[in-house]
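**Q** build me a structure from this.
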Amino acid sequence: MLRSYLHAEYSDEMDFLGKNLIELTDAHKPAVKELIPILREDSEMKRRWGFTRKLQTFNTGEIADEVHEFHNATQGEFRLTRILFKKGRVIELCIKY
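**A** Okay, here's the model as predicted:
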């Protein structure tokens, strides 16, 4: 199924070493902006269309209405690749090793 969502990409280098990213799970957008000040507001994001399977969380099956993709965000050996939001609340952090 095709669905509309807001999308933002960040290529800025970000280092989250010593920061508690896991604390952002289930956090609201203002709390996330405290840790990631460049996080874009809805009005600054692009509207895109995509398949729901790409917007669906791994564990709960919730479907995001907002996707933030990071290309250079690291925490030591780990990389934060994206944050999925639904109704202004984090529903998934994607971190790769």
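**Q** the nearest residue to Y97 once chain neighbours are set aside pairs with what?
**A** What sits nearest to Y97 in space, not counting adjacent residues and going by C-beta to C-beta, 6 or more residues apart in numbering, is F78, at 5.9 Å. Placement of C-beta: from N, CA and C, glycine included. Here F78 shows beta-bridge partners Q75, assigned using DSSP bridges.
**Q** same question, I63
**A** Applying DSSP bridges, one finds that I63 bridges with Q56.
**Q** isn't it up against F51?
**A** No: using C-beta atoms under 8 Å, I63 is not in contact with F51, being 10.3 Å away.
**Q** who's more crowded, those two?
**A** Comparing I63 with F51 by other C-beta atoms under 10 Å, the one with more neighbours is I63, at 17 against 10.
**Q** tell me who's in contact with the more buried one.
**A** Listed by C-beta atoms under 8 Å, 6 or more residues apart in numbering, the contact partners of I63 are R3, T52, L55, Q56, T57, K86.
**Q** farthest-apart pair in those residues, please.
**A** R3 and T57 (13.8 Å; C-beta to C-beta).
**Q** number of nearby residues for M45?
**A** 17.
**Q** ok, it - contacts?
**A** Counting by C-beta under 8 Å, 6+ apart, M45 touches L6, H7, A8, E66.
**Q** share the number of residues neighbouring the second one, please.
**A** Using other C-beta under 10 Å, the number of residues around H7 comes to 18.
**Q** I'd say it and W49 touch.
**A** No: in this structure H7 lies outside contact range of W49 using C-beta under 8 Å: 9.8 Å.
**Q** mind jotting down where the helices sit in the chain?
**A** 29-35, 52-55 (DSSP state H).
**Q** returning to what we had before: what is in contact with I63 and F51 at once?
**A** Joint contacts of I63 and F51 (C-beta under 8 Å, 6+ apart) are R3.
**Q** what sits against the residue nearest in space to the middle of the chain?
**A** Geometric centre of the chain, nearest residue: I83, 1.4 Å, by C-alpha atoms, centre = their mean. Applying C-beta under 8 Å, 6+ apart, we find I83 in contact with L24, V32, V67, H68, F70, V90, E92, L93, C94.
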